[in-house]
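**Q** coords below, sequence missing:
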């Protein structure tokens, strides 16, 4: 897979700790307000080890701009994990983990999820988890989070968005 030229690589939002890597293979959209998501992202960052294979994008940051990330809006990204390949293809659900782990050279962890009988079962279990993750982690409903985010965006105006 060929990485996009650096001039068209997606920009990171302000909340990202480092500039976007040149030559990333997968842009992982994650909920930075979810303690379990952050734990997984921290694990994946360690596995990436600064190689820039994965570009991590916190969708919970107020400056998250869907237009810089394949048009995936906040509410959609909050419902099910999403990622974008360097060629612009959008991936979602367990396939995100399969591809991210493969890209980092630890795909063996998800090998069983590629099997004909196991894969669909894991996909269904992830859908159930995605539907319940906010409640399980003690967070408000998706509708409340979206409403609160919109209020925060309305209250801070242009200064919350990067140009």
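**A** Arrived safely. These numbers come from a predicted model, not from an experiment. Numbering: from 1, shown residues only.

**Q** who's in contact with the helix ranked longest in the chain?
**A** If you go by DSSP state H, the chain has its longest helix at helix 118-136. Outside helix 118-136, the residues that touch it by CB atoms under 8 Å, 6 or more residues apart in numbering are 34, 36, 79-81, 93-94, 112-113, 140-142, 145. In short, each C-beta sits where N, CA and C put it, glycine included.

**Q** Kindly reformat the residues you listed as TSV containing distance to residue 69.
**A** TSV is the format used below for the contacts of helix 118-136 (distance: CB to CB, whole Å):
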residue	distance to residue 69
34	17
36	21
79	15
80	14
81	13
93	17
94	20
112	30
113	25
140	23
141	23
142	18
145	18
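
**Q** Quick one: buried ones out of those residues?
**A** 34, 80-81, 93-94, 113, 142, 145 (16 or more other CB atoms under 10 Å).

**Q** chain center to the lowest-mean-pLDDT helix or strand in the chain, what's the gap?
**A** Within the chain, no helix or strand scores below helix 142-156, which has a mean of 92 by mean pLDDT, DSSP states H and E. How far helix 142-156 lies from its chain's middle: 19 Å, per CA atoms, centre = their mean, to the nearest Å.
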